[in-house]
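# Build me a model from this:
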Amino acid sequence: MYKLIRPLLFSLDPERAHDLTLRGLRLAGDSGLAGMMMPARVDDPTELLGLRFPNRVGLSAGLDKNATAIRGMASLGFGFLEVGTVTPMPQAGNPKPRMFRITEQQAIINRMGFNNAGLEALIARVKAVRQAGIDCPLGINIGKNKQTLAADAVNDYLQCLIAAAPFADFITINLSSPNTPGLRDLQFGDELSALLTKLTQARSEFAEQQGKRVPLLVKIAPDMADVDLLAVADQLVEQGIDGIIATNTTIDKRSVDGHLHGQQSGGLSGQVLFERSTEVVAKLANHLNKEIAIIGVGGIHSGEQAAAKIAAGADLVQIYSGLIYQGPGLVRDAAKAIRFANKAV
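Below you'll find the model as predicted:
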């Protein structure tokens, strides 16, 4: 069915198509139609982060920023979902147009800029879903507002963490979007150490008070030098972070040079990111030796590519751009390929 729908969606502005798709998924999920229309979720359970995942294929943050379509997304067969990135205060994001397809390369450039309806609105929606019940882990991806200075970023992250902790199965600290000025500087050295010290302390205080320890993950960029990548990984282990999501979008546009929109500013995602993001996963897996979890994301457009991420050392995978280009059947294909590969080992 998606093969019939995709030409219509691709005739629209990318952000308009995105909004319409989310609206349709929200309506289908809220009405219960999505569950009746989609095939059963692929069963390939795994235990990680103190959670049970029905299968290893998740939705990446960024697609459902405001948590408006959780039920519809879950009906597509995902083993887990991640919503956000959410910031304390609502913000409009960067001026439009800010999302561009590079169809020949099955790629997307976006400079959305953490556009979202704010923390209060997202938590209200997630709380409602929790009260009704959800059958897979749900993560919340948190960030800082654009106007917040990097020196004060920890306050934004703390506010989001404290609000999200009661309702999230895991929380992802997004330090790697290229579309918020100064954000990526927080991935390194003293800035990273100071930020994570306060966040892990707040997590510990919440656990003592509520009896619930929420796993913390950090989403990293694919553009680090190897020495920086491994130093960051070591720091995350030392700080008690539970996992790494590798990777966010890249600022390296060489793979789409010469294509229409290829030099637009923003982060590049899609199939062109597969090789580099998988290389990062492999380097992390070899270095960390299972000390913390690794979620592989970037360029998964087929079941074989999902299984390759797992083979490289990822414990779980996430998809985003592949869903846009390949449709919801990719979720099932990816989960089945991973299950088959694991049984063959």
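
# use CA for all of it now, contacts and neighbours both
OK.

# In the protein, where's the longest strand?
Criterion DSSP state E: the longest strand present in the chain is strand 80-86.

# Just checking: what are the partner strands of it?
strand 57-59 (parallel), strand 138-142 (parallel) (DSSP bridges).

# The ones you listed: which one's closest to residue 148?
For residue 148, the closest of the strands paired with strand 80-86 is strand 138-142, at 13.8 Å, according to CA to CA.

# quick check: mean pLDDT across the closest one?
The predicted model assigns strand 138-142 a mean pLDDT of 98.

# rewinding a little: tell me which of the strands paired with strand 80-86 is the most buried.
Comparing the strands paired with strand 80-86 by mean neighbour count (mean count of other CA atoms under 10 Å), strand 57-59 comes out on top with a mean of 29.

# Just checking, which helix or strand succeeds that one along the chain?
For strand 57-59, the succeeding helix or strand toward the C-terminus, using DSSP states H and E, is helix 70-74.

# Distance from that following helix to the middle of the chain?
The chain centre lies 15 Å from the centre of helix 70-74; the measure is CA atoms, centre = their mean, to the nearest Å.

# Which other helices and strands does that helix contact?
Helices and strands touching helix 70-74, by 3 or more CA pairs under 8 Å, 6 or more residues apart in numbering; DSSP states H and E, are helix 14-31, strand 80-86.

# Name the residues of the one helix or strand residue 233 maps to that are buried.
Counting by DSSP H and E, the element that carries residue 233 is helix 226-238. Buried positions in helix 226-238, judged by neighbour count with 16 or more other CA atoms under 10 Å: 229-230, 232-233, 235-236.

# And the top helix by length along the chain, what's buried?
Determined from DSSP state H, the single longest helix within the chain is helix 189-210. Buried residues in helix 189-210, counted by 16+ other CA under 10 Å: 192-193, 195-196, 199-200, 202-204, 206.

# okay, the angle between the next helix or strand after it and helix 226-238?
Remark: after helix 189-210, the chain's next helix or strand is strand 216-220, criterion DSSP H and E. For strand 216-220 against helix 226-238, the angle by axes from the mean of the first three to the mean of the last three CA atoms, to 10 degrees is 170 degrees.

# wait, which of the helices and strands packed on helix 70-74 is closest to residue 223?
Using CA to CA, the nearest of these to residue 223 is strand 80-86, at 20.0 Å.

# Residues contacting the closest one, please?
53-67, 70, 73-74, 114, 116-119, 122, 136-144, 160, 174 (CA atoms under 8 Å, 6 or more residues apart in numbering).

# how near is residue 93 to residue 115?
Residue 93 is 4 Å from residue 115, where distance means CA to CA, to the nearest Å.

# Comparing the two, which residue is more hemmed in?
residue 115 (21 against 17; other CA atoms under 10 Å).

# which residue ranges form the helices in the stretch 201-345 of the chain?
For the stretch 201-345 of the chain, the helices defined by DSSP state H, counting those that start in this stretch cover 226-238, 274-288, 303-312, 321-326, 329-344.

# Just put those helices in JSON lines and tack on distance to residue 29 and mean pLDDT.
Below are those laid out as JSON lines (distance: least, CA to CA, whole Å; pLDDT from 0 to 100):
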{"stretch": "helix 226-238", "distance to residue 29": "36", "mean pLDDT": "92"}
{"stretch": "helix 274-288", "distance to residue 29": "30", "mean pLDDT": "97"}
{"stretch": "helix 303-312", "distance to residue 29": "25", "mean pLDDT": "98"}
{"stretch": "helix 321-326", "distance to residue 29": "17", "mean pLDDT": "96"}
{"stretch": "helix 329-344", "distance to residue 29": "17", "mean pLDDT": "93"}
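
# Pull the number of nearby residues for residue 108.
Neighbours of residue 108 using other CA under 10 Å come to 25.

# thought residue 137 was touching residue 169?
Yes: here residue 137 lies in contact with residue 169, judged by CA atoms under 8 Å, at a distance of 5.7 Å.

# Find residues that contact each of the two.
Common neighbours of residue 137 and residue 169 (CA under 8 Å, 6+ apart) are residue 51.

# Between the two, which is the more surrounded one?
residue 169 (23 against 19).

# how far off helix 189-210 does the helix holding residue 233 point, in degrees?
Using the same axes, to 10 degrees: helix 226-238 against helix 189-210 is 20 degrees.

# Against which helices or strands is helix 226-238 packed?
By 3+ CA pairs under 8 Å, 6+ apart, helix 226-238 packs against helix 274-288.

# If you count neighbours, what's buried in stretch 4-17?
Buried-residue list, stretch 4-17, by 16+ other CA under 10 Å: 9-10, 14-15, 17.

# Could you grab the helix/strand/coil label for residue 153?
Following DSSP: H, G, I helix; E, B strand; the rest coil, the label given to residue 153 is helix.

# now it: how far from residue 207?
Residue 153 sits 23 Å away from residue 207, going by CA to CA.

# next one: residue 32
35 Å.
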